[in-house]
Structures are given as C-alpha cells and as structure tokens.
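> Here's a sequence, model it:
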Amino acid sequence: LSAGHTLEDPDTIASIVSEWKEWARTAKDVGAQTRGVLSALRDKTDEDAARQASEDAHTRAGRSAGNGSLMRTGPVTLGYLDRSADELASAAGRVAQLTHWESDNVDACVLWCLAIRHAILTGELDVRAQLPWVPAERRARWEGFIDEATAIGIHPRQFESGNGWVVRAFQGALAAITGATSLRDALERAVRGGGDTDTVAAIAGSLAGAAWG
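As a prediction, this is how the structure comes out:
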C-alpha cells in the first residue's frame, strides 16, 4: 500500500499470498487455519486459488472463524484513509477471505478497519458507527456483541473462553480498549484477559493506536 499498490489489483493480492507462503515456511507461530489454507495452495499463489482453498477448508470443517484474519487486518486501513468507507469495507473482506472464509471474519474485519479509519480521521473511538457496513441481516447480532464488549465495568477476561474465535477475540480487544486510558493500558488489559493473548493484544493495538496515537 505504501508503494502505491491497490488491494483491488489481483496481482497485488497474489504477491501478498506469495509472501505469506514464504513467511509460513519458517515462522514460529502460524495459526492452524492459515497454515492449512497456505499449504493447500502448493505452488499456486493467485487470489482465485487462495479463495478456493479457503472456502474448501470451511466446507470440510463446517466453520472457519478463527481470529487470524482480524489480527492482521489493521494495515489494510492505511491505504484507504482518503478513499470511501465502501471501498475499505470491500478490501477488508476480500483480504480476510483469502484464508478465513466464514462471514464472521468478514464482518469483524470490516468493523475493525472502519473503526480504525474513523479513529484516525476524527480522533473518536466508535465501533458502533460502523454497523451500517455489515449486511442488514447480521447487524443486530453484531450490535449485541458490541454492547457486551462495551458494557460498564467490562474486562477482556470475560471473553477469555473461546477467544480463538474471531468474535470473542473482537470482543476481548474492544473490551480492552473501552476500559483503557491509553495505548499501553489497552494492551496490558488485553494481555491480562488471558487465552489467546498475543492475538487479542495485536487486534486491540491496531485500534488503540489509531485512537491514542
């Protein structure tokens, strides 16, 4: 993105997939779902192949809503600060589904990226205002998740159970930020929430950094 490439370009997506595959060969910690999809690609790196492998993995398992797509989604926003929210939402979902097919991943990444964009452009933390970019039939469900994560006195530890699921990781990260006073405070709260702490803190950090600088 900093080099001027666009996520609407299939060649850019292919280069991302290729770099992910190379990274995963020696990385110490690759999520099981991400590793499975990348391994299934063999020598292919084009977007269609990645999306097909992602969908196949979802079909085989009956689910594909791990938290890996949300953990990496923050940088997507940075190429869309001077573009429309619709374009960002489309790009966020497109990148998410390269490895995580389920709609929970798309919705979480769309909400998070739009919230980051909103925080950078306005200085305000407001995830709820991004709900119009979630399909209408799923909007009330996500509004409920946001309500739970922003309730008075909430702490990320209340979402520790199952926070390998993208929704619980989303809630844990949002709870960490909602009750925090600074970037550092948000990160410490995320880690003290337990469970998949590195992923939840990475998710929280992208939005907390946008909100507090």
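> Can you name the residues that contact the most centrally placed residue in the chain?
The chain has L70 as the residue nearest its centroid, 1.6 Å off, counting by CA atoms, centre = their mean. Contacts for L70 (CB atoms under 8 Å, 6 or more residues apart in numbering) come out as A96, N105, A108, C109, W112, V166, A169, F170, I203. C-beta coordinates here come from the backbone N, C-alpha and C atoms, glycine included.
> Buried residues in the helix or strand bottoming out on mean pLDDT in the chain, which are they?
Ranked by mean pLDDT, DSSP states H and E, the weakest helix or strand in the chain is helix 32-40, scoring a mean of 93. For helix 32-40, the neighbour count (16 or more other CB atoms under 10 Å) marks Q33, T34, R35, G36, V37, L38 as buried.
> swap in stretch 136-148?
Buried, per 16+ other CB under 10 Å, within stretch 136-148: W142, F145, I146.
> Give me the neighbour count for L81.
L81 has 11 neighbours, counted by other CB atoms under 10 Å.
> Whichever strand or helix holds the residue nearest to the centre of the chain: how far from the chain's middle?
Here L70, judged by DSSP states H and E, is contained in helix 68-71. When distances are taken as CA atoms, centre = their mean, to the nearest Å, helix 68-71 is centred 4 Å away from the chain's centroid.
> Likewise for stretch 170-177?
Counting by CA atoms, centre = their mean, stretch 170-177 comes out at 12 Å from the chain centroid.
> export that stretch as CSV, just CAs?
C-alpha atoms of stretch 170-177 as CSV (Å, rounded to 0.1, in the frame of the first residue of the first chain):
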residue,chain,number,x,y,z
PHE,A,170,-13.1,-9.0,18.7
GLN,A,171,-15.0,-8.6,21.9
GLY,A,172,-11.9,-9.1,24.1
ALA,A,173,-9.9,-6.5,22.1
LEU,A,174,-12.8,-4.0,22.2
ALA,A,175,-13.3,-4.5,25.9
ALA,A,176,-9.6,-3.9,26.4
ILE,A,177,-9.8,-0.5,24.6
